[in-house]
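Visitor: this is the structure alone, sequence omitted:
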């Protein structure tokens, strides 16, 4: 809300209500994404001091696709977070960063981040506003060793200054504004238009096949409490039996334990969403499984025991795992494909912005 | 769908009641409701009601501030009289706004509220003109000796140390009144340090942090009053520590008080203590201790020897002793050469050491 609008506020409520949508960074008007939220959600969570505005989201979208933020001018966020892969990248451990060294973990999909509290596989980043500093400065990702120089470069470009001012009002581009713009855009990466969602909302012509419906029921029974709710994740941390041993201290293989420094969190990772999972291969925090079939084989019979293995997988008189016969596994697989949200994966308003 | 827009833009955060008021009404424009501008929903009405209450609370606060100043020299009798009259008429305006609200005259309410808001801001300014200043000096010592880099000190446990760096965030300074209430000083995030010149992480340009010794913070716009003690914290409170895009005081990510290791935890580095120590075999090695994360935030509470007065004529200088030896009472570089993000227990002990290192030496309360 700018001062100017405030002056007018006193003219009367009608001016206020009508005038509020014009000029300056305002609330998101209809038409900007996301228009549709998963069933049962009524608003998009956002911090009080960084509310979504159309201009802020637009700035973030531009920054997300701007290679000039990286040390060598060639890597943007979108280099690794590719829209058609649900903003993941299709490889186990990316070598697309400035040094081309493989990263220590797999690039996760960026889906429904607004509802996620701990970010990264181990939840170490507390919010989107703070997170971007990590990929920006990390030597093997965007390798930006001169944040001050980067900001100076942005400030020297009138087009960029215009984008920042549209989003945050008059003044120099600052690192804080850059972080906030990126966060605003990332919160709009909402996936809620898959065939499953349309069926769920009872839209005309929307359907799930009988096999898919059985798959949905199985997911709701056997993949809980982890891949639960309309987000298909509890955004919590679990050990799903991938490894027997975990690192110590700051070793990334300590998983969630690296952040909480507690033994009971060793080897736990954040539950990824099942939304768009058919296009986000390979799977798990290190991308070790190439296909969904391989993931299901792991759950059915490939698990290993460890001290922190989640209790949900313990079975009487059997090795740990999830009980699914072949037909059930087929049904689950079929249902997972119904979670692919083509509208999200190809929405031009989430993709690279037009040149100015 | 209904988007939720909880607040106005950052630069207007402390802006007027009206902006808050306006935001309440904004969601209407993102919705395809057939909202009739001349009727307000129950929540919108409640919201208006709440804004009036907030303004009333503000006026009450101002009255309190004025009453306090009545007891001190400062403004003349006449000025004080004028101020209380103005506060009286403000209250009247707000009462009228409530009546208009009851009679559903929204335009009238808005006009009244804007006028009241302007008046409140002006009065705040008038009262602020009676503000004073506060200096806080936390003079570094090691036991009985003055603290300096590259000098040898011996700890109570017999360790021989030479320091190369000492830094910490001193934040959220508050003054305590006789009745126990506290007055928080705005934007108080200060980086105190004794450092040598060093390259700035996150820059490849020749930018360096210069060698620096800073033990004092100077604060202006300290509300007039009589105070009996001081409170401040070591580290950064969760509000600012959890969101590195927020800016206040001297907080900044390019001061070598963040690092990629700490980024994993989303935290500023709260304190840095670095140097050399002599090992059992006589050779020396380096130690590097850092604290950070919300768990390491510590608050120090100190009483003044006698109450002090802050107003436009008087200033206060609080002289503290910050004894670095206190960091080494339960920790030794010989057994713990490194304390970092992954050493939670040692970090807690070291943070307690920082909390314990301060004591009051003297408080000057001279005329300006």
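Guide: Yes, it's here. Everything numeric in this text was worked out from a predicted model, so none of it was measured. Numbering: from 1, shown residues only, chains lettered A, B, ... in the order given.
Visitor: confirm that residue A:312 sits in a strand.
Guide: No - secondary structure of residue A:312 (DSSP: H, G, I helix; E, B strand; the rest coil): helix, not part of a strand.
Visitor: next, count neighbours for it.
Guide: By other CB atoms under 10 Å in any protein chain shown, 14 other residues sit near residue A:312. Yep, even glycine has a C-beta here, placed from its N, CA and C like the rest.
Visitor: what pairs with whatever helix or strand residue B:305 lives in, parallel or antiparallel?
Guide: Here residue B:305 sits within strand B:298-310, counting by DSSP states H and E. For strand B:298-310, the paired strands and their directions (DSSP bridges) read strand B:225-234 (antiparallel).
Visitor: C-terminal to the strand it pairs with, what's the next element?
Guide: From strand B:225-234, the next helix or strand downstream (DSSP H and E) is helix B:238-241.
Visitor: just to revisit the earlier point, rounded mean pLDDT for the strand holding residue B:305, please.
Guide: Mean pLDDT, strand B:298-310: 94.
Visitor: where are the low-confidence patches of the chain?
Guide: This is for chain A. When residues are selected by pLDDT under 70, those of chain A lie in A:1-33, A:356.
Visitor: correction: the question concerned chain B.
Guide: Scanning chain B for pLDDT under 70 picks out B:1-39, B:68-76, B:79, B:128-129, B:202-207, B:368.
Visitor: show me what contacts the closest residue to residue B:325 other than its chain neighbours?
Guide: Spatial nearest neighbour of residue B:325, excluding adjacent residues (CB to CB, 6 or more residues apart in numbering or on different chains): residue B:143 at 4.6 Å. By CB atoms under 8 Å, 6 or more residues apart in numbering or on different chains, the residues touching residue B:143 are B:153, B:323, B:325.
Visitor: which element is the first one on?
Guide: Just to be clear, that refers to residue B:153. Per DSSP H and E, residue B:153 falls inside strand B:152-154.
Visitor: elements contacting that strand?
Guide: strand B:160-177 (3 or more CB pairs under 8 Å, 6 or more residues apart in numbering or on different chains; DSSP states H and E).
Visitor: partner strands of the strand it packs on, parallel or antiparallel?
Guide: strand B:152-154 (antiparallel), strand B:182-184 (antiparallel), strand B:189-195 (antiparallel), strand B:225-234 (antiparallel), strand B:269-278 (antiparallel).
Visitor: what sits up against the second one?
Guide: Read it as strand B:182-184. B:172, B:173, B:174, B:175, B:176, B:177, B:222, B:223, B:225, B:227, B:231.
Visitor: how many residues are close by the fifth one?
Guide: Pointing back at residue B:176 there. Using other CB under 10 Å: residue B:176 sits among 18 other residues.
Visitor: correct me, but it touches residue B:230?
Guide: Yes - with contact defined as CB atoms under 8 Å, residue B:176 reaches residue B:230; the gap is 6.7 Å.
Visitor: so what sits against both of the two?
Guide: residue B:301.
Visitor: to residue A:86, which of the strands paired with strand B:160-177 lies closest?
Guide: Taking CB to CB, strand B:269-278 is the member of these nearest to residue A:86, at 35.0 Å.
Visitor: and the contacts of strand B:182-184, which is closest to residue B:215?
Guide: Nearest to residue B:215 out of those is residue B:173 (CB to CB; 14.5 Å).
Visitor: and the spatially most central residue of chain A, its phi and psi?
Guide: In chain A, the C-alpha nearest the mean C-alpha coordinate belongs to residue A:110, at 2.3 Å (CA atoms, centre = their mean). Backbone torsions of residue A:110, given as degrees, to the nearest 10, read phi -110, psi 90.
Visitor: what residues are up against it?
Guide: Listed by CB under 8 Å, 6+ apart, the contact set of residue A:110 reads A:81, A:86, A:87, A:88, A:186, A:189.
Visitor: roughly how far does it sit from residue A:191?
Guide: Plainly put, residue A:110 is 10 Å away from residue A:191 if you go by CB to CB, to the nearest Å.
Visitor: identify the contacts common to these two.
Guide: residue A:86.
Visitor: residue ranges of the helices in chain B, please?
Guide: B:17-25, B:27-30, B:42-70, B:77-102, B:106-128, B:238-241, B:260-263, B:344-356 (DSSP state H).
Visitor: next one: the third one to chain centre, how far?
Guide: Using CA atoms, centre = their mean, to the nearest Å, the distance from the centre of helix B:42-70 to the centre of the chain it belongs to is 23 Å.
Visitor: measure how that helix sits relative to helix B:77-102, angle-wise.
Guide: 170 degrees (axes from the mean of the first three to the mean of the last three CA atoms, to 10 degrees).
Visitor: how about helix B:42-70: buried residues?
Guide: Residues of helix B:42-70 classed as buried by neighbour count (16 or more other CB atoms under 10 Å in any protein chain shown): B:44-45, B:47-48, B:51-52, B:55-56, B:58-59, B:62-63, B:65-66, B:68-69.
Visitor: quick one: the helices in the stretch 151-300 of chain A, in order.
Guide: Per DSSP state H, counting those that start in this stretch, the stretch 151-300 of chain A carries helices over the ranges A:158-168, A:175-187, A:195-200, A:210-222, A:257-260, A:292-297.
Visitor: who's in contact with the last one?
Guide: Spelled out, that is helix A:292-297. Around helix A:292-297, the neighbours that count as contacts under CB under 8 Å, 6+ apart are A:277, A:278, A:281, A:283, A:284, A:289, A:324, A:329, A:332, A:333, A:336.
Visitor: recalculate using a threshold of 6 Å.
Guide: A:283, A:289, A:329, A:333 (CB atoms under 6 Å, 6 or more residues apart in numbering or on different chains).
Visitor: cool, the shortest one as well?
Guide: The contact list for helix A:257-260, computed with CB under 6 Å, 6+ apart, reads A:122, A:124, A:265, A:266.
Visitor: of the residues you listed, which is the nearest to chain B?
Guide: Nearest to chain B among those, counting by CB to the nearest CB, is residue A:124 at 4.1 Å.
Visitor: how much space is there between residue A:319 and residue A:295?
Guide: 17 Å.
Visitor: which one's more surrounded, these two?
Guide: More crowded of residue A:319 and residue A:295, by other CB under 10 Å: residue A:295, with 22 against 13.
Visitor: circling back: of the contacts of strand B:182-184 - the most surrounded one?
Guide: residue B:175 (26 neighbours).
Visitor: quick one on the thing from earlier: buried residues in the strand holding residue B:153, which are they?
Guide: Taking 16+ other CB under 10 Å as the criterion, strand B:152-154 shows residue B:153 as buried.
Visitor: quick one: distance of the strand holding residue B:305 to the chain centre.
Guide: 16 Å.
Visitor: now swap in stretch A:345-352 and tell me
Guide: With CA atoms, centre = their mean, you get 15 Å for stretch A:345-352.
Visitor: with stretch B:314-321 instead?
Guide: For stretch B:314-321, the distance to the chain centre is 18 Å (CA atoms, centre = their mean).
Visitor: got the buried residues for it?
Guide: B:314, B:315, B:316, B:317, B:318, B:320.
Visitor: neighbours of the nearest residue to the second one once chain neighbours are set aside, how many?
Guide: On the basis of CB to CB, 6+ apart, the spatially nearest residue to residue B:315 that is not a chain neighbour turns out to be residue B:133, at 4.7 Å. Neighbourhood size, residue B:133 [other CB under 10 Å]: 16.
Visitor: how much space between residue B:133 and chain A?
Guide: Distance, residue B:133 to chain A, using CB to the nearest CB, to the nearest Å: 29 Å.
Visitor: mind checking how far that residue is from residue B:339?
Guide: 37 Å.
Visitor: and residue A:199, by the same measure?
Guide: As judged by CB to CB, residue A:199 and residue B:339 stand 55 Å apart.
Visitor: ok, these two, which is more surrounded?
Guide: residue B:339 (23 against 17).
Visitor: surely the more buried one and residue B:346 touch.
Guide: Yes - the pair residue B:339 / residue B:346 is scored as a contact, 4.6 Å apart, by CB atoms under 6 Å.
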